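Novice: missing the sequence, but the structure's below:
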C-alpha cells in the first residue's frame, strides 16, 4: 500500500534518495623544493658576534640543521 491515490502522506510518494559524487583526482604540479642555503655555522664565536635580532634567526636555522642532521646537537647545546 505504498502507492495509493487516496493517501495524503507525501512520504509514501517520495523517490528513493541517491547520492552521486564525481570527484576528480587532481594532480598537483610537482614543484621542486630547492634547498636554500640556510646553513649557518654552529660555533660559539659566531653566535656571540651576531646582533640580538639576528641571533633568533640564527638559532632557528641552527635548530633546523640539528634536526636534519647537518650539525651536532651537542655543539648547539653548548652554545645555548
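Specialist: Right, received. Where do you want to start? In this text the structure is predicted, and so the values were computed from the model without any measurement.
Novice: isn't residue 73 right next to residue 65, touching?
Specialist: No. With contacts defined as C-beta atoms under 8 Å, residue 73 does not count as touching residue 65, sitting 9.9 Å away. Every residue, glycine included, has its C-beta placed from N, CA and C.
Novice: quick one: which of these two has more around it?
Specialist: residue 65 (20 against 13; other C-beta atoms under 10 Å).
Novice: For the more buried one, which non-adjacent residue is spatially closest?
Specialist: Excluding its sequence neighbours, the residue lying closest to residue 65 (C-beta to C-beta, 6 or more residues apart in numbering) is residue 71, at 4.2 Å.
Novice: Please, which helix or strand holds the one you found?
Specialist: Per DSSP states H and E, residue 71 falls between elements, in no helix or strand.
Novice: where's it relative to residue 43, distance?
Specialist: 10 Å (C-beta to C-beta, to the nearest Å).
Novice: With neighbour numbers in mind, choose between the two.
Specialist: A direct count of neighbours by other C-beta under 10 Å for residue 71 and residue 43 places residue 71 higher, at 20 against 14.
Novice: residue boundaries of the helices in the protein?
Specialist: Remark: helices assigned in the chain by DSSP state H are 44-49, 52-68, 73-79.
Novice: pLDDT at the residue nearest to residue 65, what is it?
Specialist: Turning to residue 71, the model gives it a pLDDT of 86.
Novice: Okay, it and residue 50: tell me how far apart.
Specialist: Taking C-beta to C-beta, one finds residue 71 at 16 Å from residue 50.
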